[in-house]
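Student: Need a 3D model of the following:
(2 chains)
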There are 2 protein chains.
Amino acid sequence: MRLSHSLIPTLKETPAEAQIASHRLMLRAGLVRQTSAGIYAWLPIGHRVLRNIERIVREEQDAAGAQECLMPTIQPAELWRESGRYDDYGKEMLRIRDRHDRELLYGPTNEEMITDLLRGSVRSYRELPQILYHIQWKFRDEVRPRFGVMRGREFLMKDAYSFDLDYAGAVVSYRRMMLAYMRTFQRLGLKAIPMAADSGPIGGDMSHEFIILAPTGESQVYFDAAFEEIDYLAQGAGGFDHANASDLERFFTSMTTHYAATDEKHDPAAWASVPAARRREGRGIEVGHIFYFGTKYSAAMGFAVAGADGKPVHPEMGSYGIGVSRLVGGVIEASHDDAGIIWPDAIAPFRAAILNLKQGDPVCDSLCEALYARLGPAALYDDRAERAGVKFADADLMGHPWQIVVGPRGAATGRVELKRRASGERVELARDDALTRIG
Amino acid sequence: MRLSHSLIPTLKETPAEAQIASHRLMLRAGLVRQTSAGIYAWLPIGHRVLRNIERIVREEQDAAGAQECLMPTIQPAELWRESGRYDDYGKEMLRIRDRHDRELLYGPTNEEMITDLLRGSVRSYRELPQILYHIQWKFRDEVRPRFGVMRGREFLMKDAYSFDLDYAGAVVSYRRMMLAYMRTFQRLGLKAIPMAADSGPIGGDMSHEFIILAPTGESQVYFDAAFEEIDYLAQGAGGFDHANASDLERFFTSMTTHYAATDEKHDPAAWASVPAARRREGRGIEVGHIFYFGTKYSAAMGFAVAGADGKPVHPEMGSYGIGVSRLVGGVIEASHDDAGIIWPDAIAPFRAAILNLKQGDPVCDSLCEALYARLGPAALYDDRAERAGVKFADADLMGHPWQIVVGPRGAATGRVELKRRASGERVELARDDALTRIG
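Tutor: This is a model prediction of the structure:
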């Protein structure tokens, strides 16, 4: 993309309303703009990051054997009356009346709707287990939206729902999703810790939150070093075709036996029993939450399948959420410095920025165009008629993993300066060597 | 995907509420289910088609130099008061009040919001032209939603917005988008005709609808054979980097000089002047609409950039819509028979179905598993314990381009029957030859 003709409005000043690093940097780097309180438009580079995160989340859900579908944003009130949650939800639910005065709402979650879809379609125990997921915008009418996309009103969530014939099956689905989550966060370049949690308004018997480590996180976390040492990508994807309940059990045991707690639930006595060398502390941000709640919805909404003996059975359910738009903020909280964002390679909007330090100079322009032609959509070409200092500052702010700096002296001999954003390391080298290094 | 554990609820009976072919087939093949009047959940195979169409639309928008962004579904009423459209829109606009009694609405289109975003960011003529687009759910509170996803209330639309410094630039953007549309429809396997149109509530001076040919289409269309003869993919993508205004002018001239009209605007005298051998008639469905409307929004909303002489200039704008969810229905109207859907290869949910005619037979099962392992996510494996007739009927109904039929006799010698859905052609051949043929 050519920066001169792109909607990437970087800001020099820090917007007064932004209280946390990710909110400040998302506004300053031109990722988002607020359109109403707690509602954001995703500008081109913010949108690219959102889509990159979404892609990784999707790949891991697919690998775990979950089927993607897409439920609408607007739901009928009746469904929520069936489960009894219509009144429970209070003012956080955005309630709507259409032109015929029918009661609708903007979905904050989808347990009712997915249960309704399956009760109309799935009849036999032979069709279970199933896990369905979608990645869709949700709305929670927060009384005081703040912290940018971290606590917005309209937000993008991946929510999955599992249906099993019995408790044993439901436990396998739950563990499968936990593994999918740990793999997802590792691929996003994040350190994540699963923590036993209360299940809140979803209800249910077993629940884990996923906290990612970030120096500016909202809560203090205490955990065993084990969580940092495991390579989750080496654990297999755990899809239906490769399901291995005993592998999943081993994984789940390792996730649930080591100490992990936020300050709310911290237990100093248990903490003292963790060997000192294995104690880790940090700040954390919640980015995912999974629940097992048995037959709460299938029973309330009358969803049963014929069991092997012909008798009706209410499927055992779980639900599994990841805050996709929240993760954009979460990654920035975990990876930034005073100069700006430092994108992990896997989700960077562009792999490299090309900084033309003398726009209009035929030698610089021609070298930059050649680089841009080779890198294609992976590159953002800063072709603005701006001073070098502005281009350096904006590239650091936007956080591209690589910067290719093209100045008149080097360009004369086909050489560029290559900067790695994360380390700050700079090296001068020939154009093609720079392209090779970027990969 | 294994059909036994998938949410693909095919129906034998035709649902009474469905009046048109695509609505009937989308329900029967398990693509969608209605969740409220005119609001649909996209089940796994419907979702796959929707995403495939979205991908092609996106690739052609990107190739045309448009930048993808994502605006929220919920908009503030104030923006629409600025343009004067808040009251104009009437009951089709879904109006909402939040917990603080602020007036919001579910966006039916985004001219106001995109103008607001650019007026806060773009200051100089040097930053123009720009084209922004997003693919987002919209809502129009139709008084009588019908015809399934063809006239639903919550629908997925790609809408693009162009901003140019002057009329000449705006014309180039308009032509560029028209070419992107014709390329898009060709890639979707559709025959499309652009037709001069009224601009309706969007307003403006120039407007074209895009009608695709479908035997069960809503209106009669008359057009010159030229539209069927042009290879739009040979016309170049027309992106900013390869802009060639004279090529675009030639293309636009060919699109606007040949006769094309729906019955509403049909002119028998002009039609008579088309050589008889070049006259084509058919039924058609509107799937896209593009508008040039000058400074209507930029002037009303006070968006100006500094021109080359330093004086403020209101950018010239256009908007460009494709009904992405509507296209799923449109493609089916264009491509089906009595047995079901016939997906064009480019957007089929699966390239092939594997039909195991004797589930549980070790030889059949093992051959099917081998095929499934080779084809991976491109295949739907019908592993249900159902009769052959049910599997044949469901495969025809779902419309996979290829069917690989595995029966006990052939399987014994590693042979399968390969059926091409579009032609009905069947051939028996060795397993690996079938895989090669499918490609």
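
Student: Residue numbers of the stretch 251-400 of chain A in contact with chain B?
Tutor: A:377, A:385 (C-beta under 8 Å from any C-beta of the partner chain). (Each C-beta comes from the backbone N, C-alpha and C, glycine too.)

Student: which stretches of the stretch 251-400 of chain A form strands?
Tutor: Counting by DSSP state E, counting those that start in this stretch, the stretch 251-400 of chain A has strands at residues A:260-262, A:279-294, A:305-306, A:312-313, A:316-323, A:336-337, A:340-341, A:352-356, A:379-382.

Student: Run a quick neighbour tally on residue A:253.
Tutor: Neighbour count of residue A:253, defined by other C-beta atoms under 10 Å in any protein chain shown: 11.

Student: Equivalent analysis for residue A:141, please.
Tutor: Residue A:141: 23 neighbours (other C-beta under 10 Å).

Student: Could you do residue A:83 as well?
Tutor: Counted with other C-beta under 10 Å, residues neighbouring residue A:83 total 17.

Student: Please report how far it lies from chain B.
Tutor: The gap separating residue A:83 from chain B is 15 Å, by C-beta to the nearest C-beta, to the nearest Å.

Student: For that residue, what are phi and psi?
Tutor: phi -80, psi -10 (degrees, to the nearest 10).

Student: go on, residue A:339?
Tutor: The phi/psi pair for residue A:339 (degrees, to the nearest 10) is phi -80, psi -20.

Student: Verify the stated contact: it with residue A:394.
Tutor: No. In this structure, residue A:339 is not within contact of residue A:394 by C-beta atoms under 8 Å, at 10.3 Å.

Student: Give the buried residues for stretch A:395-415.
Tutor: Buried positions in stretch A:395-415, judged by neighbour count with 16 or more other C-beta atoms under 10 Å in any protein chain shown: A:395-407, A:410-411, A:415.

Student: Within range of chain B, give me the residues from the stretch 101-250 of chain A.
Tutor: A:102, A:104, A:106, A:113, A:116-118, A:120-122, A:126-130, A:132, A:134, A:137, A:139, A:141, A:143, A:153-154, A:240.

Student: Quick one: buried ones out of the residues you listed?
Tutor: Using 16+ other C-beta under 10 Å, the buried ones in these are A:104, A:106, A:113, A:116-118, A:121-122, A:127-130, A:132, A:134, A:137, A:139, A:141, A:153-154, A:240.

Student: Among the residues you listed, which lie within strands?
Tutor: Under the assignment DSSP state E, these contribute A:104, A:106, A:130, A:132, A:134, A:137, A:139, A:154 to strands.

Student: the bottom helix or strand of chain A by mean pLDDT?
Tutor: In chain A, the helix or strand scored least confidently by mean pLDDT, DSSP states H and E is helix A:245-257, which has a mean of 90.

Student: contact partners of that one?
Tutor: Residues outside helix A:245-257 that contact it (C-beta atoms under 8 Å, 6 or more residues apart in numbering or on different chains): A:172, A:175-176, A:178-179, A:182, A:194, A:196, A:226-227, A:230, A:235-236, A:238.

Student: what's the lowest-pLDDT member of these?
Tutor: pLDDT across the contacts of helix A:245-257 is lowest for residue A:238, at 62.
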